[in-house]
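*Asks:* 3D model of this:
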Amino acid sequence: ADLAHMAGAARDDAAILTQALAAYDAHLALEPDNLGALRMRAETQLRLRDYAGAFGTFGRLHAASLRLQPYESLEVAPFRLVHDAECTETMVAAIADVGGRRSATDKVGDRARLAVLAAARARDWRQLAAELGGGGGAAHLRRLRVGELSAAQRALLGEEYGRPLLPPPPPFAPITALRARDWAAVEAEYSSKRVVVIDGLLGAPALAELQRYARHGAHFRTMRAGYLGAFPADGTTHPLLLALVHELAAAAPSVFGAHALALWWLFKYDSTANPEGIGIHADPAAVNVNIWLADDAACVDGGGLAIYSHVPPLEQETQSVNREFESAAEEAALRERLKAEGDVVTVPYACNRAVVFVSDQYHESLPFRFAPGYANRRCNLTLLFGDRWSVTAAAAPAADAAGGDDGGKEAAAAAAIQAAMRG
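*Replies:* You can find the predicted model right below:
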């Protein structure tokens, strides 16, 4: 199945990818909770542009991972505990706020009991965060496994840690994601500059819905260096994301039409845990869409994005261009080299501002300071489309039109896949 997936990806061959999907289905019929097979099934569906099916498979993957991951192996960090406590406290307040507006069918007693339990657990998480990272600095960012905690610390953590504690988000009524605009101008600017900034990308209802979804926080299960991620495998499969992808492809076909959705995530930070954001890196895709979600009033200073025109070689390993640096000096040296080798586009932070750019250009977050408070945490949505090699292939359409074969494209694709696997 994996070989068929790789071959189908390299050739952009739907027939081979369909064979890979059938092979994954046959395996999952025997082993329904195989996490690797579920992930690859979802990625195959993305390449086939069966986005609804992929969202469903990622939902299965998320549910299976919740069932199968041993409690002892879960990661804990003070900054994650503070986030989860703040999230829980916010949801408890929301439960109390709707008290007078519940329908007759709501289980009021159940919700009240959940609110009491959640509030107590939030207090315990704050206490544990203080014990583990009371010194601040690096201690606040240190990650360890549940199995490394003492019995008293595990009691504070509770058996609910890592499992959904809060009620799920309310049902979602379908809405249009994008605001109307001159998309032909967007396409033209992207074609000429490889970077385009779109202010007010989302309609007001869509922005409010994604902000609410990010505040709910249920799917921020991936920990990085001082910030949290919510990936599709973490259950980030909101229907509005599906609508957004379809609308982007229809609005700007010359930017997105040739590229299938590859990956997406939400990242959430606070100014205490990681005021630097994400360091210099390149994402292995054709098109990158970065959308900032936190309100403008939350941003005190900084928080934008720097995009370097230099791109790494196609055959370079993914791990070498998307990693955490050994030291600040190592990253600073790369920054100076990138500045010397090309231009830098600096995009200031603004809520509902999207930056669309060729994805394997090096880029980094700009240092930031956001106002205190859970709702003020810096949060962004990223969507990746297509493969690195598809940008190179699209750069020379005349050669294909003249009767050239796909050997160069397949060779580039194979090299990039091998690099990604090594990374």
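
*Asks:* any idea which helix or strand carries V356?
*Replies:* strand 353-358 (DSSP states H and E).

*Asks:* on contacts alone, who are the packing partners of that strand?
*Replies:* The contact analysis (3 or more Cβ pairs under 8 Å, 6 or more residues apart in numbering; DSSP states H and E) places strand 353-358 against strand 195-199, strand 287-292, strand 305-308, strand 344-347. To be clear about C-beta, it is placed using only N, CA and C from the backbone, and glycine gets the same treatment.

*Asks:* need these in a markdown table with mean pLDDT and mean neighbour count, can you?
*Replies:* A markdown table is the format used below for the helices and strands packed on strand 353-358 (pLDDT from 0 to 100; neighbours: other Cβ atoms under 10 Å):
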| stretch | mean pLDDT | mean neighbour count |
| --- | --- | --- |
| strand 195-199 | 98 | 18 |
| strand 287-292 | 98 | 23 |
| strand 305-308 | 94 | 20 |
| strand 344-347 | 94 | 15 |
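
*Asks:* nearest to G36, of the ones you listed?
*Replies:* Nearest to G36 among the helices and strands packed on strand 353-358 is strand 287-292 (26.1 Å), distances taken as Cβ to Cβ.

*Asks:* pull out the buried positions in whichever helix or strand comes after the closest one.
*Replies:* Remark: after strand 287-292, the chain's next helix or strand is strand 299-302, criterion DSSP H and E. Buried residues in strand 299-302, defined by neighbour count with 16 or more other Cβ atoms under 10 Å: 299, 302.

*Asks:* direction included, what does strand 299-302 pair against?
*Replies:* Paired neighbours of strand 299-302 in the sheet (DSSP bridges): strand 368-370 (antiparallel).

*Asks:* burial check on A282, number of neighbours?
*Replies:* By other Cβ atoms under 10 Å, 22 other residues sit near A282.

*Asks:* G304 too?
*Replies:* 18.

*Asks:* pretty sure it sits against H363.
*Replies:* No. The pair G304 / H363 is not scored as a contact, 10.7 Å apart, by Cβ atoms under 8 Å.

*Asks:* which residues of the protein score low on pLDDT?
*Replies:* Applying pLDDT under 70 to the chain flags the ranges 95-111, 135, 165-170, 313-326, 391-423.

*Asks:* what segments of it are strands?
*Replies:* 75-76, 144-145, 195-199, 222-223, 228-230, 261-268, 287-292, 299-302, 305-308, 344-347, 353-358, 363-365, 368-370, 379-385 (DSSP state E).

*Asks:* those: which one's closest to L30?
*Replies:* So among the strands of the chain, strand 261-268 is nearest, using Cβ to Cβ, at 27.6 Å.

*Asks:* longest helix in this protein, by residue count?
*Replies:* helix 108-133 (DSSP state H).

*Asks:* mind giving me the packing neighbours of that one?
*Replies:* helix 78-97, helix 138-141, helix 151-157.

*Asks:* can you give the contact residues for the shortest one?
*Replies:* In other words, helix 138-141. 77-79, 132-133, 225-226, 272-274 (Cβ atoms under 8 Å, 6 or more residues apart in numbering).
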